[in-house]
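> Okay, predicted coordinates and the sequence, questions at the end:
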Amino acid sequence: MPIVAQSNETADWVSRFADDVIEESERRAPGKPVVVASGLSPSGPIHLGNLREVMTPHLVADEIRRRGREVRHLISWDDYDRYRKVPAGVTGVDESWAEHIGKPLTSVPAPKGSEHANWAEHFKAAMVASLAELGVEFDGISQTEQYTSGVYREQILHAMRHRGDIDAILAQYRTKPKAAKKQQKPVDEAELEAEEGSGAASEDDGSSGSAGYFPYKPYCGNCEKDLTTVSAYDDDSTELTYACTACGFSETVRLSEFNRGKLVWKVDWPMRWAYEGVIFEPSGVDHSSPGSSFQVGGQIVGIFGGKQPIGPMYAFVGISGMAKMSSSRGGVPTPADALKIMEPQLLRWLYARRRPNQSFKIAFDQEIQRLYDEWDKLAAKVADSSALPGDVAAYTRAVGTAAAELPRTPRPLPYRTLASVADITAGHQDQALRILSELDPANPLGSLDEARPRYDRAEAWINSHVPADQRTIVREEPDTELLKSLDEPSQQSIRLLLDGLEDHWSLDGLTHLVYGVPKVQAGFSADATPKELPPEIKTAQRTFFALLYHLLVGRDTGPRLPTLLLAVGQERVRALLGQ
């Protein structure tokens, strides 16, 4: 069953695309499986921006499956693309890899220490593992295998016979670069690259040869590089002559028997649309500008007897504080990096809740705690049926697929609480279990496994993304100088806290206690709501909290006080507060 009824005006973006894709598939290929597609280049770390290329059609394909329809999600691994540059920040790679520039990615050695056969397989493997964890079902297609086994031979020969028609289409877009426009407002790097098309309009389209236009690029039979120029081609015999500008090698081959080359990208992509019968495939902003691959492909695909897929443009995905991600620059977070600090459900939700043309950022900083709070509130609303239909749809798509629900944490305790506990206990699991069991004494944890994998994700975030100077270190001894210097109101606030510790020793109880102390001191009930209190109570609470932080951890901020008190333990809290 669909998550949201097709006729419902509040249907989410996934349902709307599923409606369109099913309708279009019935027009083009009635009775056949619906085909959606993604394309990924394992030219370096496949990052979280690339993940949108997969998640958009995955979510649509999954909705179609929920409706009982057969669907194939193809992921085309562009592993027969040329190796363009040595990416920065990749472990086990140095400048010596520059000698492989121009070779197919599957002919480039994997980084040192890798267990994989070549460069493409090394980076593909990490993505495949992440997609499995995310519940993404797909059929992978290696373009190296497709080209080198001769699968596309007829399509290549067809393209060469119709090279004049292809050239005429491409010629419409071969224009001089426009003069730079004056910026009316500051833009970040991502916006600039989107506007300029990231160079998509100037991708190699096969027009560089002086002997005419040829949409096919051989890899050199001597050095394996694509720095080749076709000088002659005969349609009848399929004899093709090329020379390599890198090593000087030249040869004449029969294209009807030759499998060491590929169609140029702007011809290759539409050829595959026709060959696979693709109905739905999104494209990034850089492929959607005038003259770029998706736009030109919409005309070239007709030469191969096909039609352009329904193809929404998707916006960039960023990381807090970073501009548009680029694999060639290195050091950009990958899905595997995100899955170390967040559960698959949360990562799926970030892609499901935003329409493809809406950009968003994935947090690796403190913002991840707020995202988890938002996620948990949504889960509670879904559970009590108070969530809006669109939010229910996004949530349902995040927690599982048509095949099954994703494994989940049995006791999903607040992420920020788990992070604080992991921070304070510094890897001591017995201490972590003690603290977490005291959060709700009436329903204590039996083991840390009940809080996993969320606890492990929070611990990984603390250990890998929180700077050392922000980590929490509880004092070994009381700050006697500070304790002696306290005025009577401050001393009274500490006495009120200590007097209530035993009766309030739970997360909710300590929350009530620490917020209640300044209220009681001011002559109000500890249960008084903010509306019943003067504004100065908030100031008194902040002052009281800062005092406790200084006495417990030597700073004026730290983890939430109720969690910190539980972590330190009653006996040690009393000692550090001078009792």
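Here it is on my side, so go on. Numbers count the residues shown, from 1 in each chain.
> what about Leu496, is that helix, strand or coil?
Here Leu496 is recorded as helix under DSSP: H, G, I helix; E, B strand; the rest coil.
> Val517 is in contact with that one, correct?
Yes: Leu496 lies in contact with Val517 (CB atoms under 8 Å); the separation is 4.8 Å. The C-beta positions use only the backbone N, C-alpha and C, and glycine is treated the same way.
> More neighbours: which of these two?
Val517 (24 against 17; other CB atoms under 10 Å).
> Could you double-check that that one lies in contact with Phe544?
Yes: contact status for Val517 versus Phe544: in contact at 6.1 Å, counting by CB under 8 Å.
> Strands of this structure, start to end?
In the chain, the segments counted as strands under DSSP state E are 34-40, 71-77, 139-142, 216-218, 228-233, 239-244, 250-254, 261-263, 283-284, 313-314, 317-319, 360-362.
> what's next to the first one, contact-wise?
Defining contact as CB atoms under 8 Å, 6 or more residues apart in numbering, one finds that strand 34-40 is touched by 21-22, 25, 29, 46, 50, 53-54, 56-58, 60-61, 64, 69-78, 124, 127, 138, 269, 272-273, 276-282, 309.
> from those, which would you call buried?
21-22, 25, 46, 50, 53-54, 56-58, 60-61, 64, 69, 71-78, 124, 127, 138, 269, 272-273, 276-282, 309 (16 or more other CB atoms under 10 Å).
> so of those residues, which ones are in helices?
Counted as lying in helices by DSSP state H, out of those, are 21-22, 25, 50, 53-54, 56-58, 60-61, 64, 124, 127, 269, 272-273, 276.
> Where does pLDDT dip in the stretch 151-300 of the chain?
Residue ranges of the stretch 151-300 of the chain with pLDDT under 70: 175-204, 207-209, 287-288.
> the helices in it, which residues?
For the stretch 151-300 of the chain, the helices defined by DSSP state H, counting those that start in this stretch cover 153-161, 163-171, 189-196, 265-276, 293-300.
> quick revisit: quickly list what's touching both of Val517 and Phe544.
Ser493.
> which residue sits farthest out from the middle of the chain?
Glu488 (53.3 Å; CA atoms, centre = their mean).
> quick one: that one from Ala575, how far?
22 Å (CB to CB, to the nearest Å).
> And Arg370, by the same measure?
Distance of Arg370 to Ala575, given as CB to CB: 34 Å.
> who's in contact with Ala567?
420-421, 424-425, 431, 435, 474, 559.
> nope, Pro518 is what I was after
493, 537, 540-541, 543-544.
> Which two among those residues are spaced furthest apart?
Ser493 and Ile537 (12.7 Å; CB to CB).
> Who has more neighbours out of the two?
For Ser493 and Ile537, the more surrounded residue by other CB under 10 Å is Ser493, and the numbers stand at 21 against 18.
> Confirm for me that that one is in contact with Gln521.
Yes: applying CB under 8 Å, one finds Ser493 in contact with Gln521, separated by 6.0 Å.
> Just give me the neighbour total for His550.
Neighbours of His550 (other CB under 10 Å): 16.
> where are the low-confidence patches of this protein?
1-11, 175-204, 207-209, 287-288, 321-331.
> rerun at 80
1-11, 174-211, 285-292, 321-331, 579 (pLDDT under 80).
> picking up where we left off before, turn the contacts of Pro518 into TSV, columns for distance to Gly554.
Shown next, in TSV, are the contacts of Pro518 (distance: CB to CB, whole Å):
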residue	distance to Gly554
Ser493	19
Ile537	26
Ala540	22
Gln541	20
Thr543	17
Phe544	17
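> Return the subset of those lying in helices.
Using DSSP H, those in helices are 493, 537, 540-541, 543-544.
> So for stretch 299-319, what gets flagged as buried?
Those buried within stretch 299-319 under the rule 16+ other CB under 10 Å are 299-301, 303-304, 306-319.
> Pull the contacting residues for the closest residue to Ser114 other than its chain neighbours.
Nearest residue to Ser114, sequence neighbours excluded (CB to CB, 6 or more residues apart in numbering): His122, at 4.7 Å. Counting by CB under 8 Å, 6+ apart, His122 touches 42, 110-111, 114, 116.
> Which of the residues you listed sits closest to Pro344?
Nearest to Pro344 among the contacts of His122, with distances taken as CB to CB, is Pro42, at 21.4 Å.
> what number of residues lie near that closest one?
Neighbours of Pro42 using other CB under 10 Å come to 25.
> Do I have it right that it meets Phe123?
Yes: with contact defined as CB under 8 Å, Pro42 reaches Phe123; the gap is 4.0 Å.
> which of the contacts of His122 has the most neighbours?
Pro42 leads the contacts of His122 on contacts (other CB under 10 Å) with 25 neighbours.
> Format the helices of the stretch 151-300 of the chain as a markdown table; extra columns: distance to Leu548.
Putting the helices of the stretch 151-300 of the chain into a markdown table (distance: least, CB to CB, whole Å) gives the following:
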| stretch | distance to Leu548 |
| --- | --- |
| helix 153-161 | 71 |
| helix 163-171 | 69 |
| helix 189-196 | 42 |
| helix 265-276 | 61 |
| helix 293-300 | 58 |
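> wait, which of the ones you listed is closest to Gly390?
helix 189-196 (26.2 Å).
> Neighbours of Ser41, how many?
21.
> Quick check: the closest residue to it other than its chain neighbours vs Pro104, distance?
Leaving aside its sequence neighbours, Ser41 sits nearest to Asp78 (CB to CB, 6+ apart; 4.2 Å). Between Asp78 and Pro104 the computed distance is 10 Å (CB to CB).
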